[in-house]
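Colleague: predicted structure and sequence below. I'll ask about it afterward.
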Amino acid sequence: MALVTMNFESQYLMVNHEVSVILPDKPREQSPADFYGSGKKYPVLWLLHGTFGDHSDWLRKSMIELYACENDLIVVMPSAMNSDYINWPTFGTGFFMEDYLIKELMPLIYNWFPASDKREDNFIAGLSMGGGGTGQFATFHPEKFAAAAILSNSPRNLHKEIERVRAGQAPEGFGAMDLKRIQNRITSLGGEQAYLDSARNAWDKLPEQIAKGVLPRLYFAIGTDDMLYENFKEFRAYAEEIGLDATFEEIPGYQHEWRFWDLTIQRALKFFGFDSRDAGNPF
């Protein structure tokens, strides 16, 4: 395989930014001229990290490199800080993570690498915070992705979040850290209504997108011992209520952990249609 780590100045993040990209193997029996000069465009997985992470998480803690090479798949892993993959207009000089991925990183990848820009060749997945971001991108930018995998997360009812913030009650999951995080989101976005109008609010946007029939195929997975399991069950009930066509998987014995994410990214790839494992070099 080839692993590229780029550092470049981002227009939308207002800072130097790192992103890692896995590129397919050149088969040993094929000449460099034939392989690199083929003009072939490969499918792309946009793979998002969780809170406390960066572009290197999936590389260091899972076997995504192997899975990508087995399937001739480009994997793009950006750094998002703890942005929740939304735009933060009042952070520093502005940190517009949603705009960055759609308006800057995608054009870069499609034009500097042998990556297909066709919807049917693009997939998105993420864990924890990255799972939340995946749900947001799939909901608000469904034209970009054929399928999405939300691991150890699910859309939240922001109306309930706001009520809990008003009451000073920590939400289910990360407790006090989540309470402060929600308060910061509301403040940065310009108030409660702006928060409800933001890309964070996939919960309210989904019925409209379902009615339009524009959503990508969706896969949700969580461990039954995960601290976010109650949120997941609440969303699953809501999904049934609004008629969301999605695949849900609850796996006993797993918490909010890398063993679970390494397992479920493999299941997500099969859900996307990557299950041949016959590409790449054998060793």
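Modeller: Thanks, I have the structure now.
Colleague: contact partners for residue 229?
Modeller: Residue 229 makes contact with 222-223, 250 under the criterion C-beta atoms under 8 Å, 6 or more residues apart in numbering. In short, each C-beta sits where N, CA and C put it, glycine included.
Colleague: try it again with 10 Å
Modeller: Contact analysis of residue 229 by C-beta atoms under 10 Å, 6 or more residues apart in numbering lists 152, 154, 172-173, 222-223, 250, 254-256.
Colleague: how many other residues sit next to residue 122?
Modeller: 26 (other C-beta atoms under 10 Å).
Colleague: measure it to residue 63 for me?
Modeller: 22 Å (C-beta to C-beta, to the nearest Å).
Colleague: what does residue 203 give?
Modeller: Noted for residue 203: a distance of 33 Å to residue 63, by C-beta to C-beta.
Colleague: the two: which has the busier surroundings?
Modeller: It is residue 203, of residue 203 and residue 63, that has more neighbours when counted by other C-beta under 10 Å, with 23 against 13.
Colleague: how about low-confidence regions in the stretch 1-150 of the chain?
Modeller: Within the stretch 1-150 of the chain, no range satisfies pLDDT under 70.
Colleague: for it, just list every one of the strands.
Modeller: 2-10, 15-23, 44-48, 74-78, 87-88, 95-96, 122-127, 147-151 (DSSP state E, counting those that start in this stretch).
Colleague: what's the first one packed up against?
Modeller: Read it as strand 2-10. Where contact means 3 or more C-beta pairs under 10 Å, 6 or more residues apart in numbering; DSSP states H and E, strand 2-10 is packed against strand 15-23, helix 64-70, strand 74-78, helix 106-112.
Colleague: contacts only, for residue 88.
Modeller: Residue 88 neighbours (C-beta under 10 Å, 6+ apart): 13, 81-82, 94-98, 184-185, 188-189.
Colleague: give me the buried entries from the contacts of residue 229.
Modeller: Among those, those classed as buried by 16 or more other C-beta atoms under 10 Å are 152, 154, 173, 222-223, 254, 256.
Colleague: mind listing which of the residues you listed are in strands?
Modeller: If you go by DSSP state E, the buried ones among the contacts of residue 229 have 222-223 in strands.
Colleague: tell me the least confident of the buried ones among the contacts of residue 229?
Modeller: Here the lowest pLDDT out of these sits on residue 173, with 60.
Colleague: quick one, strands of the stretch 151-283 of the chain?
Modeller: Using DSSP E, counting those that start in this stretch, strands in the stretch 151-283 of the chain cover 217-223, 247-251.
Colleague: strand partners of the first one, parallel vs antiparallel please.
Modeller: Sheet partners assigned to strand 217-223 using DSSP bridges are listed as strand 147-151 (parallel), strand 247-251 (parallel).
Colleague: thinking again about what came up before, out of the contacts of residue 88, who's the most crowded?
Modeller: Most surrounded of these: other C-beta under 10 Å gives residue 13, at 26 neighbours.
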